[in-house]
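A.B. asks: Sequence and computational prediction follow.
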Amino acid sequence: MSTAEPLLEVEDLTTTFSTDDGELMAVDGIDFSVDSGETVCIVGESGSGKTVATESITRIVKSPPGHVEGSVRFKGQDLLEMSEPELRDIRGYEIAHIFQNPQEAMNHCYTVGWQIMEALQIHRDVSNEEARAKAVDLLDKVGIANASSRFDDHPHEFSGGQKQRVMIAMALVGDPDLLIADEPTTALDVTVQAQILRLLDDLQEEFDMGILFVTHDLGVVAEIADRIIVMYAGKVMERGGVLDIFDHPAHPYTQQLLNCLPDIGGNTGGIPGKLPDPHDPPDGCRFAARCDHTIDACRTGQQPEEVEVNPGQKASCVYYRPAHDDSVIRDGIQNTEPDTTEVGSADD
Ligand SMILES: Nc1ncnc2c1ncn2[C@@H]1O[C@H](COP(=O)(O)OP(=O)(O)OP(=O)(O)O)[C@@H](O)[C@H]1O
Ligand code: SF4
Ligand SMILES: [Mg+2]
């Protein structure tokens, strides 16, 4: 898809919530795209707007109180302009979501096979036999051993990792072109997490899906991302290819996030301070209160325009404006190759 238009193209996406304390700006005018076959990771601390951004794409963000503006073109059609019935044909089908906690996303009263069949039959007029065959096939594809006999088991009979595999099977019923996965491995232990990431990678290759993957865990990003979008307080701070971002992160926020990784900076206590109040974001750079390089220019106007700092890599920081000395921040972190070591193969 390198020459054609992207599978997903998000422009000026803005999502606000009406709250008792006034309007809350959760996502503030962000742009990004996802191509078929690539994995784009949105990273950032808790509260930075990752979930709201991805849930705004298919408008599953609750409205009211949410209000979504901008443009979200999926295969050329603007999802934000579509009627709810039109969108329903795409949501859960051409665009599938996987959520963090399979426990909550499944119905405990029904067998997992029935739930996959139902997900399929909502969208397609297929017989029970066909739906059952497809459900067993999907369970098999996501690595559930003895899929046809596990079909009639209830969710509580599956381990956490297996439940997440079932959720992935459910997401695949419509052969989605785009899979949106929001922290899908956070609830799992490290070994199982690695298996799920590898499964997603294999399925992506098989189905040529675009994947939009949300996580606050840069270790996971190193495993799975082609490109990274770094979000902070509703804005994009930096974007670029995974190797560029890990090898020469350009934005002080990205640098501090990387410094929190045990095998890079070792600052496992996290970045000191907290995000600005989303009801009343500060002028200038949203990160100014926590940045080690803040100068007066950081505190006026809007979030700095993103500037290309290397081919394909952009950062939103005043130091990349003409007449500023970006060497001050370019050296914030160095030689941080992602750990792309093959993951173990123990079974969950
Ligand atoms: N329904 C809602 N009503 C009001 N505010 C909301 C609502 N949903 C999210 N927000 C606010 O929007 C902001 C972004 O939240 P979001 O859930 O997108 O963060 P996140 O980056 O996904 O964080 P996490 O890593 O904890 O999942 C936060 O300030 C949050 O409190
Ligand atoms: S604009 Fe200023 S506050 Fe923001 S990241 Fe750059 S130096 Fe830090
Ligand atoms: Mg979230």
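C.D. replies: Yep, it's here. Ligands and ions are numbered 1, 2, ... in the order given.

A.B. asks: For residue 7, list the residues it contacts.
C.D. replies: 1, 33, 34, 35, 36, 74, 75, 177, 178, 210 (C-beta atoms under 8 Å, 6 or more residues apart in numbering). All C-beta spots, glycine's among them, are computed from the backbone N, C-alpha and C.

A.B. asks: how deep is the last one tucked in, by neighbour count?
C.D. replies: Yep, that's residue 210 we're talking about. By the measure other C-beta atoms under 10 Å, the count of residues near residue 210 is 26.

A.B. asks: now swap in the fifth one and tell me
C.D. replies: Counted by other C-beta under 10 Å, the residues lying close to residue 36 total 18.

A.B. asks: Doesn't it lie inside a helix?
C.D. replies: No: read with DSSP: H, G, I helix; E, B strand; the rest coil, residue 36 is coil and lies in no helix.

A.B. asks: I'd like the distance between it and ligand 1.
C.D. replies: Using C-beta to the nearest ligand atom, to the nearest Å, residue 36 is found at 25 Å from ligand 1.

A.B. asks: just the second one next, same as before
C.D. replies: For residue 33, the distance to ligand 1 equals 19 Å [C-beta to the nearest ligand atom].

A.B. asks: bridging residues for that residue?
C.D. replies: Beta-bridge pairing of residue 33 under DSSP bridges involves residue 9.

A.B. asks: Can you name the residues that contact it?
C.D. replies: 6, 7, 8, 9, 10, 40.

A.B. asks: who touches residue 240 in this structure?
C.D. replies: Shown in contact with residue 240 (C-beta under 8 Å, 6+ apart): 227, 228, 250, 310, 312, 313, 314.

A.B. asks: Now the host helix or strand of it: buried residues?
C.D. replies: Using DSSP states H and E, residue 240 sits in strand 235-241. In terms of neighbour count (16 or more other C-beta atoms under 10 Å), strand 235-241 has its buried residues at 235, 236, 237, 238, 239, 240, 241.

A.B. asks: Kindly report the same for stretch 56-72.
C.D. replies: 56, 57, 58, 59, 61, 66, 68, 70, 72.

A.B. asks: starting at the chain centroid, how far to stretch 78-91?
C.D. replies: Counting by C-alpha atoms, centre = their mean, to the nearest Å, stretch 78-91 is centred 21 Å from the centre of its parent chain.

A.B. asks: How about stretch 175-192?
C.D. replies: Relative to the chain's own centre, stretch 175-192 is displaced by 9 Å; criterion: C-alpha atoms, centre = their mean.

A.B. asks: Can you give me the end-to-end span of that stretch?
C.D. replies: 24 Å (C-alpha to C-alpha, to the nearest Å).

A.B. asks: Quick check: mean pLDDT of it?
C.D. replies: For stretch 175-192, the mean pLDDT works out to 92.

A.B. asks: that older thread, now the contacts of residue 240 in a markdown table, with neighbour count, pLDDT and secondary structure?
C.D. replies: Listed next are these as a markdown table, based on neighbours: other C-beta atoms under 10 Å; pLDDT from 0 to 100; DSSP: H, G, I helix; E, B strand; the rest coil:
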| residue | neighbour count | pLDDT | secondary structure |
| --- | --- | --- | --- |
| 227 | 20 | 98 | strand |
| 228 | 26 | 98 | strand |
| 250 | 29 | 96 | coil |
| 310 | 14 | 93 | strand |
| 312 | 11 | 95 | coil |
| 313 | 23 | 96 | strand |
| 314 | 18 | 97 | strand |
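
A.B. asks: which of those sit farthest apart?
C.D. replies: Maximum pairwise distance in the contacts of residue 240, criterion C-beta to C-beta, is 14.3 Å, between 227 and 250.

A.B. asks: does whichever residue of the stretch 51-200 of the chain sits closest to ligand 2 count as helix, strand or coil?
C.D. replies: Nearest residue of the stretch 51-200 of the chain to ligand 2: residue 53, at 20.1 Å (C-beta to the nearest ligand atom). Classification of residue 53 using three-state DSSP returns helix.

A.B. asks: returning to that earlier point: mind listing what the strand holding residue 240 pairs with, with the direction of each?
C.D. replies: Sheet pairing of strand 235-241 (DSSP bridges) gives strand 227-232 (antiparallel), strand 313-315 (antiparallel).

A.B. asks: Does anything pack onto the very next helix or strand once past that strand? Which helices or strands?
C.D. replies: Toward the C-terminus, strand 235-241 is succeeded by helix 242-247 as the next helix or strand (DSSP H and E). Judged by 3 or more C-beta pairs under 8 Å, 6 or more residues apart in numbering; DSSP states H and E, helix 242-247 is in contact with helix 218-224, strand 227-232.

A.B. asks: Ligand 1: which of these is closest?
C.D. replies: Of the helices and strands packed on helix 242-247, nearest to ligand 1 by C-beta to the nearest ligand atom is strand 227-232, at 6.8 Å.

A.B. asks: Pull the residues that contact the closest one.
C.D. replies: 30, 32, 38-45, 48-50, 53, 221, 236-242, 245, 251, 253-254, 257, 275, 286-287.

A.B. asks: Can you give the domain ranges for the chain?
C.D. replies: What automatic domain parsing lists as the domains of the chain is 8-228, 233-267+283-330.
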